[in-house]
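Engineer: Whatever this is, show me its structure:
(4 chains)
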2 protein chains.
Amino acid sequence: MSPRRVTLADVAKIAGVSPTTASLVLSGRGRELRISQDVEQRVLKAAAELQYRPNIVSVGLRTGTTRTIGFVSDTIATSRLAGDMIKGALEAARERGFMLFIGETEGDPELERLLLQAMHDRQVDGLILAAMYTRTIRVPKVMGAAPAVLLNALPKQRSPLPSVLPDEVEAGRRAARVLLDAGHREGIHLVGAGPGRRDVPPGGSVAAVERLIGIREVLGEAGVKVAGGHVCADWQPEYGLAATRALLEGARPRALICFNDRIALGAYQALDDFGLKVPGDVSVVSFDDHPIAAWMRPKLTTVALPHYELGRKAVDVLFAEMGRDGDDAVQEGAVREGEVREGEVHRVPMPVRLRESVAAATP
Amino acid sequence: MSPRRVTLADVAKIAGVSPTTASLVLSGRGRELRISQDVEQRVLKAAAELQYRPNIVSVGLRTGTTRTIGFVSDTIATSRLAGDMIKGALEAARERGFMLFIGETEGDPELERLLLQAMHDRQVDGLILAAMYTRTIRVPKVMGAAPAVLLNALPKQRSPLPSVLPDEVEAGRRAARVLLDAGHREGIHLVGAGPGRRDVPPGGSVAAVERLIGIREVLGEAGVKVAGGHVCADWQPEYGLAATRALLEGARPRALICFNDRIALGAYQALDDFGLKVPGDVSVVSFDDHPIAAWMRPKLTTVALPHYELGRKAVDVLFAEMGRDGDDAVQEGAVREGEVREGEVHRVPMPVRLRESVAAATP
DNA sequence: CTGTTAGCGCCTTCAC
DNA sequence: GTGAAGGCGCTAACAG
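Structural biologist: Just a heads-up that it's a prediction; the model follows:
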């Protein structure tokens, strides 16, 4: 059916040289080995005419490198968030001539093992293990086989794998500053978690813990006291609605820091039910920049999860990891003796999206 | 660093047989060639002990098959829709032991060519070319190299490639029937396209054309006249808002068929502005089942785009295509002489999600 | 029934 | 400067 692929041998034959010579020229090492201009031109010409493309499978077998990286996440479709992460990874990889294998574990450890195996069988050069929601994960043993990076996740046990995460603490600080900058100093309520440092939903949500730290830090330093906090068992609109309703029955908030946009959606609803206007009566700031944030009315000011950047960063870190192969660790600057390089954590900034839900505080 | 992978030769040596024999046993063809139980057991045992896994790259080089399929779409991250499509494809592929390469062209033909090349270089066994929004696409020449399927897209020129698409015409019929079943026969307005068969937004939107056909067909057959129709240049909330406002200034609709959920979001807003209640005053039915549909208040009744199923179906069709390799076309039933098998179109049903935005018509 | 030989396409010694 | 030989891991012919 389809004509046989053109091989290096074909090119060599047309150019009238040996496969070796052709290989040398095409891999760019012809110059340093001082292959004659004439030969070089002939090879290049033949390759162009035949539209020669190296067979990566063959190269893979020979060299062990497939210019491919595996991306395994627990869920890919749940939201556009994962899509953006993959998109970032995809583009960063493509820029270096790498392709991505995508796999989805659905939270099933056995499936995860299978997927990782399948990728390993295909000789991937590196692996990215991603979580949909920032959290700690158990790192499967198979991961040792190739350079790897944790994306949006922290290893549950000690692990030498680097990880890439959104900078949630700084995000918390930024959310708090948005309110402070608008002059709010009183009646600030937290919805989703807080007010105490331990008041977080069950499930080990990294986001809850860290956002709370940032918020409390900035507010605390400004001498502002949090007026109230309400843990939501699940960060869904209905929980935000219920929590905000409960809050409104006993207090008159001037500003809300919602722990994510879905909670904020519920909060808007509760505020509306009580005849309160956003941002006139109550300012609202939130986290995630879920697509819905820009559709809400008024549009929600929120600190965005940088999914695209997370994906890119994971690939960058992975390449650094792959390049580290034979490198001398001493290169890395002041590495003290006996110090084990392990589990560097890379934080990606979360940008504030200033929209319409925060107004200046009226004294 | 990492211990060398265990190879077939290792297994053979431990089992005390030749690599060929080991290969035969492990590929399951030992039985038919009547290899002794003893040898079979020894090989199996050795393989298990060593945790042998065949190197797919090597198999790929030898047999030309890599158990890998390429999935190229114009956008992956724009919405969760694409994510679901990929998820469906991923799962269907995994069930058959295949992995997916993902690529994204961003609508750039050159990039598309590069991506397809890169996949071809990696010897993919098949290709899925997907579009984010249903539309006609130019099929790149490179596609001839491997079995391929068009997903959510129709070829612009004649092409032998099969395609998989949502059944938009039937979706249109279903939307219309939802209204009819609720007793609506008057004051039905279309928002996004219509009322005439040619009243569609520019850009060759397949969805607009086909949904309109289905709607007109069912309404027509029931003897119901469309009260009005409003083309929206872009199917975004603000356009739905504007169109519905314009409509409300001159008419008093009883039901709206919005051409997608984002338009419906705008329509809700306009209705609210005019003090009209959904569904008490006006029923609304829509298309897509965008995540926002379930969040709107009242929850939107809509005909869902079956992204997950589309992805699965594409893989199914692709496998059929790959299996067709040496098959005699005559197998395919009544294929008439001289008839060229080309471009079969597979339609995937769009299910109605009955929610809260449609009420019985009050006479 | 099992082993030997060969080769998929490429790259990497090593000779010339 | 260039070519010949070998091997990555596996399987398809062919021997025995």
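
Engineer: What segments of chain A are strands?
Structural biologist: A:68-73, A:99-104, A:126-137, A:148-155, A:163-166, A:188-192, A:228-231, A:255-258, A:283-288, A:301-304, A:345-348, A:352-353 (DSSP state E).

Engineer: does chain B sit close to the second one?
Structural biologist: Okay, so that is strand A:99-104. Yes. Using Cβ under 8 Å from any Cβ of the partner chain, strand A:99-104 reaches chain B at A:Met99, A:Leu100, A:Phe101, A:Ile102, A:Gly103, A:Glu104. For glycine as for every other residue, the C-beta is placed from the backbone atoms N, C-alpha and C.

Engineer: Spell out which residues of chain A are next to DNA strand C.
Structural biologist: Taking Cβ under 7 Å from any atom of the strand as the criterion, chain A approaches DNA strand C at residues A:4-5, A:7-9, A:19-20, A:23-24, A:26-27, A:54-55, A:58-59, A:61-63.

Engineer: Of these, which are in range of DNA strand D?
Structural biologist: Among these, DNA strand D is touched by A:Pro19, A:Thr20, A:Leu24, A:Leu61, A:Arg62 when using Cβ under 7 Å from any atom of the strand.

Engineer: ok, of the residues of strand A:99-104 next to chain B, which one's closest to B:Pro349?
Structural biologist: A:Glu104 (24.3 Å; Cβ to Cβ).

Engineer: give me the number of residues near that closest one?
Structural biologist: If you count neighbours by other Cβ atoms under 10 Å in any protein chain shown, A:Glu104 ends up with 26.

Engineer: For it, give me its contacts.
Structural biologist: A:Val72, A:Ser73, A:Asp74, A:Thr75, A:Ile76, A:Ala77, A:Leu115, B:Lys87, B:Leu90, B:Glu91 (Cβ atoms under 8 Å, 6 or more residues apart in numbering or on different chains).

Engineer: Save these as JSON lines, and put in neighbour count, pLDDT and distance to A:Arg347 too.
Structural biologist: Formatted as JSON lines, these follow (neighbours: other Cβ atoms under 10 Å in any protein chain shown; pLDDT from 0 to 100; distance: Cβ to Cβ, whole Å):
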{"residue": "A:Val72", "neighbour count": "24", "pLDDT": "95", "distance to A:Arg347": "22"}
{"residue": "A:Ser73", "neighbour count": "26", "pLDDT": "92", "distance to A:Arg347": "19"}
{"residue": "A:Asp74", "neighbour count": "22", "pLDDT": "88", "distance to A:Arg347": "21"}
{"residue": "A:Thr75", "neighbour count": "18", "pLDDT": "81", "distance to A:Arg347": "23"}
{"residue": "A:Ile76", "neighbour count": "29", "pLDDT": "68", "distance to A:Arg347": "23"}
{"residue": "A:Ala77", "neighbour count": "23", "pLDDT": "59", "distance to A:Arg347": "26"}
{"residue": "A:Leu115", "neighbour count": "24", "pLDDT": "95", "distance to A:Arg347": "27"}
{"residue": "B:Lys87", "neighbour count": "23", "pLDDT": "91", "distance to A:Arg347": "29"}
{"residue": "B:Leu90", "neighbour count": "24", "pLDDT": "95", "distance to A:Arg347": "30"}
{"residue": "B:Glu91", "neighbour count": "15", "pLDDT": "95", "distance to A:Arg347": "33"}
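
Engineer: Tell me which two in the residues you listed are the farthest apart.
Structural biologist: Top of the distance list for the contacts of A:Glu104 (Cβ to Cβ): A:Ala77 and A:Leu115, 15.6 Å.

Engineer: what stretches of the stretch 251-363 of chain A score poorly on pLDDT?
Structural biologist: For the stretch 251-363 of chain A, applying pLDDT under 70 flags the ranges A:325-341.

Engineer: which residue is nearest the middle of chain A?
Structural biologist: By Cα atoms, centre = their mean, the mean C-alpha position of chain A lies nearest to A:Leu310, the distance being 2.8 Å.

Engineer: wait, it sits on A:Ile86?
Structural biologist: No. Between A:Leu310 and A:Ile86 there is no contact under Cβ atoms under 8 Å: 10.2 Å.

Engineer: Pull the number of nearby residues for A:Ala84.
Structural biologist: No, residue A:84 isn't Ala; it's Asp. 21.

Engineer: thinking again about what came up before, the ones next to DNA strand D among the residues of chain A next to DNA strand C, buried ones only, as a ChimeraX selection?
Structural biologist: Entered in ChimeraX, the line below selects the buried ones among those, by 16 or more other Cβ atoms under 10 Å in any protein chain shown:
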select /A:24,61
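
Engineer: Would you mind trimming the ones next to DNA strand D among the residues of chain A next to DNA strand C to those in range of chain B?
Structural biologist: Among those, chain B is touched by A:Leu61 when using Cβ under 8 Å from any Cβ.

Engineer: Okay, and which of the ones next to DNA strand D among the residues of chain A next to DNA strand C map to helices?
Structural biologist: A:Pro19, A:Thr20, A:Leu24, A:Leu61, A:Arg62 (DSSP state H).

Engineer: out of the residues you listed, who's nearest B:Asp167?
Structural biologist: A:Leu61 (44.5 Å).

Engineer: Could you check the pLDDT of A:Leu33?
Structural biologist: With respect to pLDDT, A:Leu33 has a value of 80.

Engineer: distance of it from chain B?
Structural biologist: Distance, A:Leu33 to chain B, by Cβ to the nearest Cβ, to the nearest Å: 25 Å.

Engineer: What ranges does chain A have for its helices?
Structural biologist: Using DSSP H, helices in chain A cover A:8-15, A:19-26, A:37-50, A:56-63, A:80-95, A:109-121, A:168-181, A:206-221, A:237-250, A:261-273, A:307-323.

Engineer: Least confident of those helices, on average?
Structural biologist: helix A:80-95 (a mean of 89).

Engineer: Residues in contact with that helix: which ones?
Structural biologist: A:69, A:71, A:73, A:75-77, A:99-100, A:102, A:128, A:130, A:132, A:151-152, A:290-291, A:305, A:307-316, B:76-80, B:82-83, B:102-104, B:115.

Engineer: Could you give me the buried positions within it?
Structural biologist: Neighbour-count burial for helix A:80-95 flags A:80-90, A:92-94 (criterion: 16+ other Cβ under 10 Å).

Engineer: State the distance from the closest residue to DNA strand D within chain A to B:Gln41.
Structural biologist: Closest contact between chain A and DNA strand D, by Cβ to the nearest atom of the strand, is at A:Ile35 (3.1 Å). Distance, A:Ile35 to B:Gln41, by Cβ to Cβ, to the nearest Å: 55 Å.

Engineer: Compare those two (neighbour count), which wins?
Structural biologist: When A:Ile35 and B:Gln41 are compared for neighbours, A:Ile35 comes out ahead with 16 against 12, by other Cβ under 10 Å.

Engineer: from what I can see the more buried one touches A:Leu24, true?
Structural biologist: Yes. The pair A:Ile35 / A:Leu24 is scored as a contact, 6.2 Å apart, by Cβ under 8 Å.

Engineer: re the thing from before, give me every residue that touches the residue nearest to the centre of chain A.
Structural biologist: By Cβ under 8 Å, 6+ apart, the neighbours of A:Leu310 are A:Met85, A:Gly88, A:Leu151, A:Asn152, A:Val164, A:Leu165, A:Pro166, A:Val348.

Engineer: Next: A:Arg216.
Structural biologist: By Cβ under 8 Å, 6+ apart, the neighbours of A:Arg216 are A:Gly172, A:Gly194, A:Arg197, A:Val226.
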